[in-house]
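Student: Sequence first, predicted coordinates after that:
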Amino acid sequence: MDAVQMVGITKQFGPLIANNKVNFELKKGEVHALLGENGAGKTTLMRILYGLYKADSGEIRVNGKPVQINSPKDAIANGIGMVSQHFTLVPPLTVAENVVLGFNPGVRLDPKLVNKNVEEAANKFGIDVKTTALVRHLSVGERQRVEILKALYRNINVLIMDEPTAVLVPQEVDVLFETLNRLRKGGLSVIFISHKLFEVMTISDRITVLRDGKCIGTVDKKNTDERSLAKMMVGRETFGVQRDSEACGGKPLLKIENITARDKKGLLALKDVSLEVCEGEILGLAGVSGNGQAELAAVVSGVLKPESGKVTLGDLDITHMDPQSISKAGVGRIPEDRHAGVVGEMSVAENLALERLDEFLKNGMLDRKKIKSHAEAMIKEYQIKATPTIQTRKLSGGNMQKVILARALYTHPRMIVAAQPTRGLDIGATEYVRNKLIEQRERGAAVLLISEDLEEIRSISDRIAVIYEGRIVGILPCNDATEEVLGLMMSGATEAAYES
Amino acid sequence: MKAKFRLVRSPAPGWFSALIPLLAIVVTFMITSVFILIAGANPFEAYYYFLISPLTSKVSILEVLVKSTPLLLTGAAVTIAFASGYWNIGAEGQLYAGAVAAAFLGTVLVGVPQPLAILIMLVGGFIAGMLWGLVPALLKVRLSVDEVVTTLLMNYIALYMVSALLNGPWRDPVTHWPQSPTILATTMMPKLLPPSRLHFGFIVGLLAVAVVWFILSRTGLGMRMRSVGMGKEAARFMGVKVNRTMFITALISAGIAGLAGVTEVAGIHFHLIDAISPGYGYSGIIAATLGNLNPIGAGVASLFLGLISTGSQAVSRSLGVPSFLGDVVQATLLLVTLAMFLLRNYTLRRVE
């Protein structure tokens, strides 16, 4: 009998169908990977199982019996636990205290007894962690073990792990896999959410692939390989835009040389990245999000300062310039998070003027006429559905993106950095943005297009670079970049070969 | 099936925002009525004295304006800071710094004609406030120390330093009261409508409100300030120098708060005393919040707070209830208004 069966699960968020009649079965004592690209619906499905979301339709059965799971409490009562990507631990408390938090019978908390119980549990499950240590002193890997222990302590027999390796260094991944293997032998069923192929091939017994909210299929690890998984994961109909240009056509404009940078948390996000973007080309940078592309865009935009390395635009070293100077040097910037690219509370006209405010000042005072007429011109030229005075946050995503496009492009920059420029946009707005980028290339500008959308990358780029874990793992002409090849590279499957 | 209501996160309709001040006053009235009843008075009668009676005679109307004067300044100071995302809680201390400067300048500007003397007093008070605001501002932009904590703590330092001054070197040599010597007649703010206490400081207050409005809505600096206040990340992305903008804001704000110290010393007390401000700096936060960080709104709120403050004395005189009720009303009004601003982001939905 299956430990968990999910039958015909459908979940819609507004117009987006996150899960479309998904079936999923988990056997007792197996590690079952849930594989798919970002946004494929993996996490949504598991959040439904854990009671964080409620499915619009479909049924969940635990040990063959239909159950209602309306909250994590219900899930735990049914023996289902989850370790999410973002830990839910209280740093100033001890490991033992964190483990019993919310699961302590009665009002009294006896520290000694709690410690004893948790230590026994840790020994029983073979989880190596010091129960009296304060969580804030633990490494990320140790914290994850505490999360696992916390779930196991609640007498669960199904453990959901949402991208558990995303936060770990390789050695910690090994420890995690050992732990999971041991627990599997003890009869625990594990659902392992991931988009990394080699991990999935290492740890799981069976693999279910989701794509665009639909279940593509479930396969035994024995009967599959990384290549066919990649195809299942990304394989859409290929789009017929093919171009001849193999290498960079014009002369190199943007040169990124040996850039190493850390993200906001202080983790190494870019490792010795070098890349060139030429005049009159679109260089697509493909990769699963969180592999350093956001940081690369931030470095080129002047928002993030690298630890080492150099960025030059033509003959100009822009590595240490502030965002305004970089913009003036001729870089049009489209940020990954468009809500961090405009001040939502300010009007469209103000947002259109702020980046080049000096052009809209007369003796330090706002030239309100000029700001307004500029906004009107931009609204007309870029077909923005807005008025100059409307608050920018009230615009739809597509129109907000057009405001950002207008601001980035009206100065005819030599270089454009576009990070996820069509994410979350409808088809019309997406086409519009892509055409604008192509227009820039035609005019001779260099375009760095960062996107998770392989179709987008393949349909408008001249060359494609793939980033994985902060490293460029390959650059290839668009014609050679089939979805399978890109999928493999993006999942790190080629990394071993690349390194050797 | 039993119907339930649930708060859902979605912006309330526009008319609600417009009604917030009125609603806040009504809710405040309902809450404070309990305290007024406990104090043994009729709430309606009490509110008559709070809100209506000060407006029934010319003398008391002018007194409302007198009470509003420092609030116009601290309100403007806090507004420009908050609108730029710099949480200056230190207007109180900056006011004291301005007051010290005024008390000092007021005794040394011998032989300087009055208009020039007043100007020097104002500039001196502005600079003193700025210097007092400099420490938290530097800590903020250099070391990212939370300005809420530092500006607040600087208030106590200012208060105790004034106390030390008044009990030490500046103690009145004749009366031995802890108050500084009386300032020169030429450095006193001219009366606007004698015999009322209303003085030139009120004009300074109105001007400060107008200047803050002008800076925020008409200048490039002001637009950068607002962008930092409303979306720091986006502002940084668009090349606004966030730290520099905040630093400038902090100094302007502290300077304006310093002016409030000058108007109190040179317009009302004519010497420095310990209790020169019964919390005008904090009331400025109330004014700025009630005004929804709009300088004009903060100005109107300052006048309203002046009314309550004048009214609380009338209530106390006529009904024999403690005049602290005025503070209770102010504080309740602030909390209710804040709650309303928060609720503005929610609507009540019926769920089955």
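Tutor: Good, I have the coordinates. Numbering: from 1, shown residues only, chains lettered A, B, ... in the order given.
Student: OK, contacts around the residue in the stretch 101-250 of chain B positioned nearest to chain A?
Tutor: For the stretch 101-250 of chain B, the nearest residue to chain A under the criterion CB to the nearest CB is B:Gly239, separated by 2.9 Å. (Each C-beta comes from the backbone N, C-alpha and C, glycine too.) By CB atoms under 8 Å, 6 or more residues apart in numbering or on different chains, the contact set of B:Gly239 is A:Asp322, A:Pro323, A:Gln324, A:Ser325, A:Ser327, A:Glu355.
Student: Give me the distance between A:Thr411 and A:Phe360.
Tutor: 13 Å (CB to CB, to the nearest Å).
Student: Neighbour count for the two, which is higher?
Tutor: A:Phe360 (22 against 15; other CB atoms under 10 Å in any protein chain shown).
Student: circling back to that earlier point, could you find the closest non-adjacent residue to the residue of the stretch 101-250 of chain B closest to chain A?
Tutor: Once flanking residues are discounted, B:Gly239 sits nearest to A:Gln324: 2.9 Å by CB to CB, 6 or more residues apart in numbering or on different chains.
Student: if I look at that neighbour, how far off is A:Gly302?
Tutor: Counting by CB to CB, the gap from A:Gln324 to A:Gly302 is 8 Å.
Student: Between the two, which is the more surrounded one?
Tutor: Applying other CB under 10 Å to A:Gln324 and A:Gly302 shows that A:Gly302 carries more neighbours, namely 24 against 17.
Student: Export stretch A:319-331 to PDB, keeping only CA atoms.
Tutor: What follows is stretch A:319-331, C-alpha atoms only, in PDB (Å, rounded to 0.1, in the frame of the first residue of the first chain):
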ATOM      1  CA  THR A 319      33.700  48.000 -11.800                       C
ATOM      2  CA  HIS A 320      33.500  50.500  -9.000                       C
ATOM      3  CA  MET A 321      31.200  53.100 -10.400                       C
ATOM      4  CA  ASP A 322      27.900  54.000  -8.700                       C
ATOM      5  CA  PRO A 323      24.600  53.100 -10.500                       C
ATOM      6  CA  GLN A 324      24.100  56.600 -11.700                       C
ATOM      7  CA  SER A 325      27.500  56.900 -13.400                       C
ATOM      8  CA  ILE A 326      27.000  53.500 -14.900                       C
ATOM      9  CA  SER A 327      23.700  54.500 -16.300                       C
ATOM     10  CA  LYS A 328      25.300  57.700 -17.700                       C
ATOM     11  CA  ALA A 329      28.100  55.700 -19.200                       C
ATOM     12  CA  GLY A 330      25.500  54.100 -21.400                       C
ATOM     13  CA  VAL A 331      24.100  51.100 -19.600                       C
END
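Student: Please list the residues of the stretch 401-500 of chain A that sit near chain B.
Tutor: Contact residues (CB under 8 Å from any CB of the partner chain) of the stretch 401-500 of chain A with chain B: there are none.
Student: From the contacts of B:Gly239, list the buried ones, please.
Tutor: A:Asp322, A:Pro323, A:Gln324, A:Ser327, A:Glu355 (16 or more other CB atoms under 10 Å in any protein chain shown).
Student: so where does A:Leu283 fall, helix or strand?
Tutor: A:Leu283 belongs to strand A:282-286 when assigned by DSSP states H and E.
Student: who touches that strand?
Tutor: A:275-277, A:293, A:296, A:437-438, A:441, A:446-452, A:454, A:456-458, A:460-467, A:478, A:486, A:489-490.
Student: now stretch A:75-92
Tutor: Applying CB under 8 Å, 6+ apart, the external contacts of stretch A:75-92 come out as A:4, A:46, A:49-51, A:62, A:67, A:69, A:72, A:97-98, A:101, A:134-136, A:143-144, A:146-148, A:150-152, A:154-164, A:166-167.
Student: what does stretch A:96-111 give?
Tutor: Here stretch A:96-111 has contacts from A:89-90, A:93, A:114-115, A:117-119, A:121, A:131-132, A:135, A:146, A:149-150, A:153-154, using CB under 8 Å, 6+ apart.
Student: Just the buried residues out of the residues you listed, in ChimeraX syntax.
Tutor: In ChimeraX, this line selects whichever of those come out buried by 16+ other CB under 10 Å:
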select /A:89,114,115,117,118,119,121,131,135,146,149,150,153,154
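Student: Which ones among the contacts of stretch A:96-111 lie within helices?
Tutor: Cross-referencing the contacts of stretch A:96-111 against helices under DSSP state H gives A:Val114, A:Asn115, A:Asn117, A:Val118, A:Glu119, A:Ala121, A:Val146, A:Leu149, A:Lys150, A:Tyr153.
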